[in-house]
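# coordinates only, no sequence provided:
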């Protein structure tokens, strides 16, 4: 698994041959994202990246829930989705990771 901080790396991550643009646009490389609507929009408008080969885990969760005959009235968040499909321990880990990332960005914003 990989996490890229584009705020630190900058746009060069998308301009080099074999860089993130090539990976994110490669349909044969499966990428997992969660609620990638805003990410997809930002990547396209800021760096010219058109996502391909992406499985949005939020939408996958909704699709499977509906196939099981249940109604879905709202899009579930990351923690709730992890809890539903992977259990409370994984959900707790994902929540902690999510909070750590938020804290890191908040600290960067205060410094910048």
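Perfect, I can see it now. Remember, predicted model here, so these are calculated numbers, not experimental data.

# for this protein, longest helix please?
helix 88-111 (DSSP state H).

# show me what counts as buried in it.
91, 94, 95 (16 or more other Cβ atoms under 10 Å). In short, each C-beta sits where N, CA and C put it, glycine included.

# the second one reaches residue 78, doesn't it?
What that stands for is residue 94. Yes - using Cβ atoms under 8 Å, residue 94 is in contact with residue 78, at 5.9 Å.

# got a pLDDT number for the most far-flung residue of the chain relative to its centre?
Relative to the centre of the chain, and counting by Cα atoms, centre = their mean, the farthest-placed residue is residue 69 at 26.6 Å. Residue 69 carries a pLDDT value of 96.

# which strands or helices does the helix or strand bottoming out on mean pLDDT in the chain pack on?
Each helix and strand of the chain was given a mean pLDDT (mean pLDDT, DSSP states H and E); the minimum falls on helix 88-111 at a mean of 80. Applying 3 or more Cβ pairs under 8 Å, 6 or more residues apart in numbering; DSSP states H and E, one finds that helix 88-111 makes contact with helix 78-86.

# just checking, what packs against the helix it packs on?
By 3+ Cβ pairs under 8 Å, 6+ apart, helix 78-86 packs against helix 57-67, helix 88-111.

# list the buried residues of that helix.
Residues of helix 78-86 classed as buried: 78, 79, 81, 82, 83 (neighbour count, 16+ other Cβ under 10 Å).

# likewise for stretch 17-27?
Within stretch 17-27, the residues scored as buried using 16+ other Cβ under 10 Å are 20, 21, 23, 24, 25.

# surely the first one and residue 5 touch.
No - because the distance of 11.5 Å does not satisfy Cβ under 8 Å, residue 20 is recorded as not touching residue 5.

# what does stretch 42-57 contact?
Stretch 42-57 is contacted from outside by 11, 14, 20-21, 24-36, 40, 81, using Cβ atoms under 8 Å, 6 or more residues apart in numbering.

# no, scratch that, I was asking about stretch 92-111
By Cβ under 8 Å, 6+ apart, the surrounding residues in contact with stretch 92-111 are 3, 7, 78, 79, 82.

# again with stretch 10-30
For stretch 10-30, the external contacting residues (Cβ under 8 Å, 6+ apart) are 4, 6, 31, 43, 46-55.
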